[in-house]
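Have a look at this prediction, sequence included:
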Amino acid sequence: MSGHGTGATVRDAIFVVEHVTLRFGGVVSLNDVSLTMERGEILAVIGPNGAGKTSLFNSLTGVYRPQEGTITFVGRDGARLSVIGKKAHRVSAAGVARTFQASRMFSALTAFENVKIGAESHRGIGVAGAMLRGPMTRRDERQSDRRTVELLHFVGLQERANAISSSLSYGDRRRLEIARGLATNPQVLLLDEPAAGTNPTEKRELATLIRKVRDEMGVSILLIEHDMKLVMSLAERLYVLNFGSVIAEGSPEEIRANPAVIDAYLGTTNTASEAS
């Protein structure tokens, strides 16, 4: 299946997840999960609360260590990283960035400072080093400043650069989180509930921005989102999780019409049609 507008094929995968099982004591959070993400696509993972979506994100980013299966990240140069067992910072450095369902902004810092921390942490000094502002050459400082300005402009926050991040609207905070994720120069961006707390206008603007990230920056997008209208308008393919297992995979049209998905998540045929 081809990635939209990119010429990507199944053979050009960026993430390959095979038979992953994650347990916490006697609770199975992910049960024999397999999926493939193509380079350059917008892929969504949906499912009811407790289905295992955030556990999957945490496994893809090195936060959780599944007991079974393999997760492989494939860089643009073809280098393959086995994610399971790697520290989160190593996975990030390889080209995997994420946002979180709950905002992880430094609320007392400005929008500019939040993005600059992301840009500087990518240089190998870490978030703590970036915040402490250890010795940097003037050239490095200028590069970080320039990259930060570019990203704030890209996400439409150039006028809010000096605003304290806690004063921003939900929609602007989501844009800021995306800018900070992009500051690490990722190949894939994982978005965890990016539309949470946003109003309809902000949702539309966010969808436009997400497509722009993929189309203009060439960053692959993997998102978790409960807003079905947003998901169906954005995603080219979807995987559906229920009780930790993949119960369906396909295009938005295929997912809307899948009886197992309707029963487990969309609830009724009417609910499914509302997502169109």
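Ah, there it is.

contacting residues for the residue lying closest to residue 221 once chain neighbours are set aside?
Of all residues not flanking residue 221 in the chain, residue 42 sits nearest, at 4.4 Å (Cβ to Cβ, 6 or more residues apart in numbering). C-betas here are computed from N, CA, C, even on glycine. Each residue near residue 42 by Cβ atoms under 8 Å, 6 or more residues apart in numbering is listed here: 4, 210-211, 214, 220-221, 223, 234-236.

Which ones among those lie within helices?
210-211, 214, 234 (DSSP state H).

Spit out the contact partners of residue 67.
With Cβ under 8 Å, 6+ apart, residue 67 has these contacts: 21-23.

export those residues to JSON lines and tack on neighbour count?
Converted to JSON lines, the contacts of residue 67 look like this (neighbours: other Cβ atoms under 10 Å):
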{"residue": "21", "neighbour count": "16"}
{"residue": "22", "neighbour count": "23"}
{"residue": "23", "neighbour count": "14"}
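
Can you flag which of these belong to strands?
21-23 (DSSP state E).

between those residues, which is closest to residue 156?
residue 22 (36.8 Å; Cβ to Cβ).

So what sits opposite the closest one in the bridge?
residue 30 (DSSP bridges).

Hmm, residue 29 and it touching each other?
Yes: counting by Cβ atoms under 8 Å, residue 29 is a contact partner of residue 22 at 4.7 Å.

before we move on, back to that, and the ones in helices among the contacts of residue 42, which two are furthest apart?
214 and 234 (9.5 Å).

Show me which of these two is the more surrounded one.
residue 234 (25 against 21; other Cβ atoms under 10 Å).

wait, what's in contact with residue 233?
Residues counted as contacts of residue 233 (Cβ under 8 Å, 6+ apart) are residue 207.

Now do it against residue 112, distance only.
31 Å (Cβ to Cβ, to the nearest Å).

Can you list the strands that the helix or strand encompassing residue 247 pairs with?
For residue 247, the enclosing helix or strand under DSSP states H and E is strand 245-250. Here strand 245-250 has these sheet partners by DSSP bridges: strand 237-242 (antiparallel).

can you give me the helices in the chain?
Ranges of helices in the chain, per DSSP H, are 53-60, 88-94, 111-120, 126-132, 138-154, 170-182, 200-217, 228-234, 252-256, 259-261, 269-274.

weakest of those helices by average pLDDT?
Note on the helices of the chain: lowest mean pLDDT is at helix 269-274, with a mean of 40.

got the end-to-end distance for stretch 235-255?
Terminal residues of stretch 235-255 are spaced 11 Å apart (Cα to Cα, to the nearest Å).

scratch that, stretch 179-191 is what I was asking about
Span of stretch 179-191 from end to end, Cα to Cα: 12 Å.

For the residue nearest the centre of the chain, which non-adjacent residue is spatially closest?
By Cα atoms, centre = their mean, the chain has its centre lying nearest to residue 190, at 1.2 Å. The shortest distance from residue 190 to any non-neighbouring residue, by Cβ to Cβ, 6+ apart, is to residue 98 (3.9 Å).

count of neighbours near that neighbour?
23.

what sits against it?
57, 61, 181, 189-192.

what's the answer for residue 55, then?
22, 29-30, 64, 244.

what two of these have the greatest distance between them?
64 and 244 (12.6 Å).

on that earlier part again, next one: the residue nearest to residue 221 relative to residue 98, how far apart?
Counting by Cβ to Cβ - residue 42 and residue 98 are separated by 15 Å.

before we move on, back to that, now tabulate the helices of the chain in CSV and tack on distance to residue 72.
Shown next, in CSV, are these (distance: least, Cβ to Cβ, whole Å):
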stretch, distance to residue 72
helix 53-60, 10
helix 88-94, 11
helix 111-120, 25
helix 126-132, 25
helix 138-154, 29
helix 170-182, 21
helix 200-217, 21
helix 228-234, 25
helix 252-256, 25
helix 259-261, 27
helix 269-274, 33
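
out of those, nearest to residue 38?
helix 200-217 (11.6 Å).

now for that closest one, which elements pack on it?
Packing contacts for helix 200-217, counted by 3 or more Cβ pairs under 8 Å, 6 or more residues apart in numbering; DSSP states H and E, involve strand 42-46, helix 138-154, helix 170-182, strand 220-224, helix 228-234.
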